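A.B. asks: Model the following, please.
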Amino acid sequence: MVRIKMKNFRGRDQNENRKCFKAQTTIFIIIAIAIVAGIVLFFYFKGSLTGQSVPKEFEPVYNYYLGCIENEALIGAKILGEQGGYIEVPEFSPGSSYMPFSNQLNFLGIGVPYWHYVSGNNVVKEQVPSKEKIESELNYFLEENILECDFSGFVEQGFRVEIGDEAKVNTKIQENNINVEIEQNLNIYFGENSWIGKSHSTEVDSNLGKFYNLAKDIYEDWKKTMFLENYGVDILRLYAPVDGTDFGCSSKIWTVREIRENLTRALEANTGFVKIKGDYYDLSKEENKYFVHDIGNDVDVNINFLYLRDWPMKMQVWPSEDGILRADPVGLQEGLGMMGFCYVPYHFVYDFAYPVLIQMYYNDEMFQFPVVVYINKNQPRVPIDGEGLPNVVPELCEHKNTELAVYTYDTNLEPVEAEISFKCFDTSCNIGKTIKKGDDAFLVDYFPQCVNGFVIAKAEGYETSKYIVSSVEESELSIILDKKYKLDLEIKKEGRVVSNKDYAVVVFRKNNKSQTISYPEQKQIELTEGQYGIKVYVYSDADLSLEGGSSQKCVSVPKSGVFGFFGLTEEKCFDLNIPDQTVEFAVSGGGTQSYYIAESELQGSNKLIIDAMSFGVPSKIEDLQENYNRLDVSRLNVGFE
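C.D. replies: As a prediction, this is how the structure comes out:
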């Protein structure tokens, strides 16, 4: 029989149990310590984990970091406002002599991209940035610039700041603020303490979103209503000859240069009065309401419309010749014109385009964008519906497929840089500019195909030259431009200078072109070498009364009803009443002369003197007719000084 000693067995079992219990207790203690340490570390580094709490001793450094972000965000918002919603502006695209607008408006040295403009090749274009585009540019700007935050002041105080080399920024532009969220490592150490942050956010007070939304509202309204074009048409008709009738027997003369200057001054003076309906201006004067435009909701920030005289402008006017607009009198028939029975009607057609800068601002914040206002043939442009922009290039100009080399020289065969265009029937195409290289100035480019078209060369200080070509057959063309010489002009009547009480109309004709001077208002003239026909009318004060009368005019008209169908007519008479008239100006001198002006005379002279015959001031009706008849048989003396 085997005996088992239970006591000894039980003793060994209890010892082993005690050892196991001690091991389990040790494990629980270690776990507890780890949990407590984890809790302590969690609360210690709570700021870096959540991005919401920073230990107090590190708050000055972190607040500076957030302040640096806010400052850079405000700088970015300022640039966006100044440049129409762009930090990186679109690549520069120049204008042309035909349409002088690049894709940027130079305002105080800053290139502000147009939101709407007509390019150098006459294509309507838009550059309106979306809000997402603006936010993207601001993100990139901050990612580049917050790396430059300077912590040197804190380093001197004993801090050690380590900032990550990369930052990922996400901005959200709201109505009155910009939310900025940044992912960037930021480690701050001071003594034995440290703090680590990775996610950061801040809110920047800014009206960028409000300004942008308002700018879009104004822009969309302008595209549909063309309110700036409507103001432009009014300015055009008030400050330039468009339609009208003047009474008188002498031609009316305007220069394109003077008209352009008048319009420039008028635009600069009047554009600033335009307002968007709101509460930021004073309407104490009733006439100021004319300048207020309603876009559907009142605005509570300042809106400013601006045009400056040194900005580009396109102005073309028809009919004009060599920079002169001329309206001739009606009623200059023999025996009528010189008796005062004449009037001067005129009608001119303009293409008129200019930039307007639209600004909105409040305190020290601003947003601005420019547009090109375009008046086409005296009418506002066609409204744009926003679904597509029309290509206004004439169809002929879109098909340039024949290469032609054009050379431009002066009369001494010296190279002259000139703008080249091509005209076929009533369509003109801008081609380009001849560039001076060595002994030549030339342009090699493609032209539309046209038989008997015109290559036109224009250069500053030279008479425009026009050569007929067949672009289908020819491949090279040389154009000679005559240099213009500006001379003082003096008109005399039998040796005595025409006084202020008199005035003269001088007509220069050359190669089917004419240039008319109203003297003494105009005392300078530009001439080139060539054969001229010169005619001078000298007018003096007169006081002749022409008695009115009445007469009867009878005409044959078809009879009414069925009889008129068979060709039967009847006579109807009308009474014509001619009122009494007073002739206040009448021809008292003048003459006609054919004269060849050589370039040597123009080069060596400063003044052109024309001496006309004196006929005497008419005192009766018969004298008027006699003076008029003497104009074509009297000769002029032409000389240079």
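A.B. asks: going forward, measure contacts between C-alpha atoms and count neighbours the same way
C.D. replies: Noted.
A.B. asks: quick one: the helices in the chain?
C.D. replies: 6-44, 46-50, 59-82, 131-145, 152-155, 208-225, 227-239, 256-270, 562-565, 599-603, 621-630 (DSSP state H).
A.B. asks: gap between the residue nearest to the spatial centre of the chain and Glu91?
C.D. replies: Residue closest to the average C-alpha location in the chain (CA atoms, centre = their mean): Pro355, at 2.8 Å. Counting by CA to CA, to the nearest Å, the separation of Pro355 from Glu91 is 19 Å.
A.B. asks: thinking again about what came up before, contacting residues around the residue nearest to the centre of the chain?
C.D. replies: Contacts for Pro355 (CA atoms under 8 Å, 6 or more residues apart in numbering) come out as Leu105, Tyr307, Trp311, Pro312, Met313, Pro370, Val371, Val372, Val373.
A.B. asks: can you check Asn145 too?
C.D. replies: Counted by CA under 8 Å, 6+ apart, Asn145 has contacts Glu72.
A.B. asks: Model confidence for it, exactly?
C.D. replies: Asn145 is assigned a pLDDT of 89 by the prediction.
A.B. asks: hang on, the earlier thing: worst mean pLDDT among the helices of the chain?
C.D. replies: The minimum mean pLDDT among those belongs to helix 46-50 (a mean of 40).
A.B. asks: Burial check on the residue lying closest to Gly120 once chain neighbours are set aside, number of neighbours?
C.D. replies: Using CA to CA, 6 or more residues apart in numbering and skipping the chain neighbours, the partner closest in space to Gly120 is Gly95 (4.0 Å). Using other CA atoms under 10 Å, Gly95 is surrounded by 18 other residues.
A.B. asks: thought Gly95 was touching Ser119?
C.D. replies: Yes: Gly95 lies in contact with Ser119 (CA atoms under 8 Å); the separation is 6.1 Å.
A.B. asks: Find residues that contact each of these two.
C.D. replies: With CA under 8 Å, 6+ apart, Gly95 and Ser119 have common neighbours Phe101, Ser102, Asn103.
A.B. asks: Relative to Phe348, which of these is nearest.
C.D. replies: Nearest to Phe348 out of the shared contacts of Gly95 and Ser119 is Phe101 (CA to CA; 24.0 Å).
A.B. asks: That closest one and Asn170, how far apart?
C.D. replies: The spacing between Phe101 and Asn170, counted by CA to CA, is 35 Å.
A.B. asks: Have a look at the two and say which one is more surrounded.
C.D. replies: Neighbours per residue (other CA under 10 Å) separate Phe101 from Asn170, with Phe101 holding more: 27 against 18.
A.B. asks: Wait, that one touches His116, no?
C.D. replies: No: using CA under 8 Å, Phe101 is not in contact with His116, being 10.6 Å away.
A.B. asks: Would you mind giving the domain segments of this structure?
C.D. replies: Listed domain ranges for the chain are 48-90+137-167+177-200, 209-380, 395-481, 485-640 (source: automatic domain parsing).
A.B. asks: now the third one: mean pLDDT?
C.D. replies: Here domain 395-481 scores 86 as its mean pLDDT.
A.B. asks: can you give me how far it is from the chain middle?
C.D. replies: 27 Å (CA atoms, centre = their mean, to the nearest Å).
A.B. asks: Likewise for the last one?
C.D. replies: Per CA atoms, centre = their mean, the displacement of domain 485-640 from the mean C-alpha position of its chain is 41 Å.
A.B. asks: Equivalent analysis for the first one, please.
C.D. replies: Here the centre of mass of C-alpha atoms in domain 48-90+137-167+177-200, compared against the chain's by CA atoms, centre = their mean, lies 41 Å away.
A.B. asks: So what pairs up with Lys125 in the strands?
C.D. replies: Beta bridges link Lys125 to Tyr117 when assigned by DSSP bridges.
A.B. asks: returning to what we had before: for the domains of the chain, please prepare a markdown table with the additional fields distance to Gly109.
C.D. replies: Supplementary listing: these in a markdown table, determined by distance: least, CA to CA, whole Å:
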| stretch | distance to Gly109 |
| --- | --- |
| domain 48-90+137-167+177-200 | 11 |
| domain 209-380 | 12 |
| domain 395-481 | 26 |
| domain 485-640 | 35 |
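A.B. asks: and Val123, which of these is closest to it?
C.D. replies: Proximity to Val123 (CA to CA) singles out domain 395-481 among these, at 11.2 Å.
A.B. asks: Keeping just the C-alphas, turn stretch 495-506 into CSV.
C.D. replies: Only the C-alpha atoms of stretch 495-506 are listed here, as CSV (Å, rounded to 0.1, in the frame of the first residue of the first chain):
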residue,chain,number,x,y,z
GLY,A,495,-0.9,142.3,-97.6
ARG,A,496,-2.8,142.7,-94.4
VAL,A,497,-3.2,139.8,-91.9
VAL,A,498,-6.8,138.7,-91.5
SER,A,499,-8.1,140.4,-88.4
ASN,A,500,-10.1,138.8,-85.5
LYS,A,501,-13.2,140.4,-87.0
ASP,A,502,-12.7,138.4,-90.1
TYR,A,503,-12.1,134.7,-90.6
ALA,A,504,-11.0,132.5,-93.4
VAL,A,505,-11.6,128.9,-94.6
VAL,A,506,-8.6,127.4,-96.4
